[in-house]
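Peer 1: Fold the following, please.
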Amino acid sequence: MSDSRTKGRTLPCASRRAVVALTLIAALAAAGVAKAEIPVLRTAVVKSVRSDDPLIFDGRIEAVRRAEVANRIDGVITAVHFTLGQTVEEGQLLVELAPESYEAAVLAARAGLDRARAELAQAQFVLGQKERLKGKGVASELQYQEAANAVAMAEAGVAQAEAELTVAELDLSRTRITAPIAGRIGEPLVALGAFVEAESGKPLARIVQLDPVRLVYDVPYDQRLRSISETGAETVEALLESVTVQLELPGGSLYPIRIQPTFSGAAIEPVEGTVRVSATVPNPDRLLLPGLPVRVLSEVKGGQRALSSIPREAVRTDQAGLHALVIQQSGLLERRPISILRADRDGLLVGGVFEGESVVVDAGPEITAGMMITPLVASEHQLAR
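Peer 2: The predicted structure is shown next:
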């Protein structure tokens, strides 16, 4: 029985919301939906802001070229001409193998070539004699043809001997192993006196090229499309020509050389929705080493850009990376990977969400994608300052 004192009175706002929520929960529970699937959450609407500040991406330095120093013949190590961390030039002598057996093979091949040439000269002399005798009617056509065949076989013998000498000389040259590229070399992976086999495939050392190096970073593909539209670029290549980036090193110092991206990936990373961008970076002082994490400050010619802004509290993280919970029209929560482009006084400028979409703000870890939710209010995007 209701209290007569409450008749004709309006319930407070909070009470009305509670009644509505409880009614909705009861209705969905009757339809077989668990109560835990319809929490009431605070949300915010994604806003669009314009900014001419550089976008910020996480990048890293990679080697443009790497090479393994390897032996192509069997032999015993007689000399190592480098040390760990040394900078070497292309063609520089690094390792020597015992040459004696290969020198002997060259001498034998040269002797074989001399013998083949002598046999050819003898066969050519006989052919000349048979030709004269044939002209006098003394030698038969068969005798002449046999002499001509002997010359052909002797010529083939010379060609074979020349090839054998070339192989022997090549093997001898391979006893002196040189650097295939310029760069910084690692520690020797062999010791003096060790016998190395070509078929083992084990390197003697490794070289990493340090000038230039490659910068790689990922750009949200939706931001790529916005940049193409706003700059009027007809192709990705044309867009990259309008982009200039500078590197911020660990500790906050800026790398003194500004660069231009030269390559954009041909596929979108399916989980994060990003596309790979790379640039070649001059590195004359060897300051940038492969594996170094850097921040990429990217500027696009043509003025301000439209960026999506969300509250800081809307950014979540898990093992797969940064994301936001976007509310679909049905109330279902969607996990949307995002990339933080930069922070400003009003929140975070991100890629991956779009103007007008609603995102969950300040929810606990128990709120996950796939849940049905009831928005408490679409906030005015009042952010922590």
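Peer 1: got the end-to-end distance for stretch 168-182?
Peer 2: 28 Å (Cα to Cα, to the nearest Å).
Peer 1: Could you point out the bridge partners of the residue positioned nearest the centre of the chain in the sheet?
Peer 2: Geometric centre of the chain, nearest residue: Val216, 6.8 Å, by Cα atoms, centre = their mean. Going by DSSP bridges, Val216 is paired in beta bridges with Arg60, Ser278.
Peer 1: correct me, but it touches Val277?
Peer 2: Yes. If you go by Cβ atoms under 8 Å, Val216 and Val277 touch, sitting 7.2 Å apart. Just so you know, the C-beta spots here come from the backbone N, C-alpha and C atoms, and that holds for glycine as well.
Peer 1: Helix or strand with the lowest mean pLDDT in the protein?
Peer 2: helix 13-30 (a mean of 41; mean pLDDT, DSSP states H and E).
Peer 1: Low-confidence ranges, the stretch 251-385 of the chain, go.
Peer 2: 302-304, 344-345, 376-385 (pLDDT under 70).
Peer 1: all helices for it, in order.
Peer 2: Counting by DSSP state H, counting those that start in this stretch, the stretch 251-385 of the chain forms no helices at all.
Peer 1: Show me this structure divided up by domain.
Peer 2: Residue ranges for the domains of the chain, per automatic domain parsing: 4-38, 45-64+210-379, 66-208.
Peer 1: number of nearby residues for Val275?
Peer 2: By the other Cβ atoms under 10 Å criterion, the neighbourhood of Val275 contains 18 residues.
Peer 1: do you know how far it is from Ala116?
Peer 2: 62 Å (Cβ to Cβ, to the nearest Å).
Peer 1: give me phi/psi at the closest residue to Pro39 other than its chain neighbours?
Peer 2: Leaving aside its sequence neighbours, Pro39 sits nearest to Ile373 (Cβ to Cβ, 6 or more residues apart in numbering; 5.7 Å). Ile373 adopts backbone torsions of phi -130, psi 160, taken as degrees, to the nearest 10.
Peer 1: check contacts around Ile373.
Peer 2: Ile38, Pro39, Val40, Leu41, Ile327, Gly331, Leu333, Val360, Ile367 (Cβ atoms under 8 Å, 6 or more residues apart in numbering).
Peer 1: cool, and His323?
Peer 2: Contacts for His323 (Cβ under 8 Å, 6+ apart) come out as Val315, Arg316, Thr317, Arg335, Arg336, Pro337, Ile338, Gly352.
Peer 1: Report the beta-bridge partners for the residue nearest to Ser330 when sequence neighbours are not counted.
Peer 2: Sequence neighbours aside, Met372 is the residue nearest to Ser330 in space, at 7.6 Å (criterion: Cβ to Cβ, 6+ apart). Beta bridges link Met372 to Leu332 when assigned by DSSP bridges.
Peer 1: you'd agree Met372 is up against Gly331?
Peer 2: Yes. Between Met372 and Gly331 there is a contact under Cβ under 8 Å: 4.9 Å.
Peer 1: quick one: which of the two has more around it?
Peer 2: Ranked by neighbour count (other Cβ under 10 Å), Met372 and Gly331 place Met372 first, with 17 against 13.
Peer 1: That one and Thr43, how far apart?
Peer 2: 14 Å.
Peer 1: next one: the longest helix along the chain to chain centre, how far?
Peer 2: Using DSSP state H, we find that the single longest helix of the chain is helix 100-135. Computed by Cα atoms, centre = their mean, to the nearest Å, the separation of helix 100-135 from the middle of its chain amounts to 57 Å.
Peer 1: And for stretch 169-178?
Peer 2: That offset, for stretch 169-178, works out to 34 Å (Cα atoms, centre = their mean).
Peer 1: Could I get the buried residue list for it?
Peer 2: By 16 or more other Cβ atoms under 10 Å, the buried positions in stretch 169-178 come out as Asp171, Leu172, Arg174, Thr175, Ile177, Thr178.
Peer 1: give me every residue that touches the third one.
Peer 2: What it means is Arg174. Per Cβ under 8 Å, 6+ apart, neighbours of Arg174: Asn71, Arg72, Ile73, Leu97, Tyr102.
Peer 1: what's it sitting at in phi/psi?
Peer 2: phi -80, psi 0.
Peer 1: Tell me how far it lies from Asp74.
Peer 2: From Arg174 to Asp74 the distance is 10 Å (Cβ to Cβ).
Peer 1: Same check on Ser308?
Peer 2: Relative to Asp74, and taking Cβ to Cβ, Ser308 is found at 63 Å.
Peer 1: Could you do Glu199 as well?
Peer 2: 8 Å.
Peer 1: neighbour-wise, which of these two wins?
Peer 2: When Glu199 and Asp74 are compared for neighbours, Asp74 comes out ahead with 14 against 6, by other Cβ under 10 Å.
Peer 1: what residues are up against the more buried one?
Peer 2: Phe195, Val196, Glu197, Ala198.
Peer 1: what about the strands in the stretch 151-300 of the chain?
Peer 2: 176-178, 183-185, 195-196, 205-208, 213-220, 243-248, 263-269, 274-281, 293-300 (DSSP state E, counting those that start in this stretch).
Peer 1: What lies in contact with the fifth one?
Peer 2: Okay, so that is strand 213-220. Here strand 213-220 has contacts from 57-64, 245, 247, 259, 269, 272-281, 283, 288-290, 294, 296, 298, 338-339, 341, 350-352, using Cβ under 8 Å, 6+ apart.
Peer 1: Mark which of those are buried, thanks.
Peer 2: Here, 16+ other Cβ under 10 Å leaves 57, 59, 61-64, 245, 247, 259, 272-275, 277-279, 281, 283, 288, 290, 294, 296, 298, 338-339, 341, 350-352 buried among those.
Peer 1: wait, which of the strands of the stretch 151-300 of the chain is closest to Lys47?
Peer 2: Nearest to Lys47, of all the strands of the stretch 151-300 of the chain, is strand 213-220, at 16.7 Å by Cβ to Cβ.
Peer 1: sorry, back to before: does anything pack onto the helix or strand following the least confident helix or strand of the chain? Which helices or strands?
Peer 2: Downstream of helix 13-30, the first helix or strand assigned by DSSP states H and E is strand 40-45. Packing contacts for strand 40-45, counted by 3 or more Cβ pairs under 8 Å, 6 or more residues apart in numbering; DSSP states H and E, involve strand 358-360, strand 374-379.
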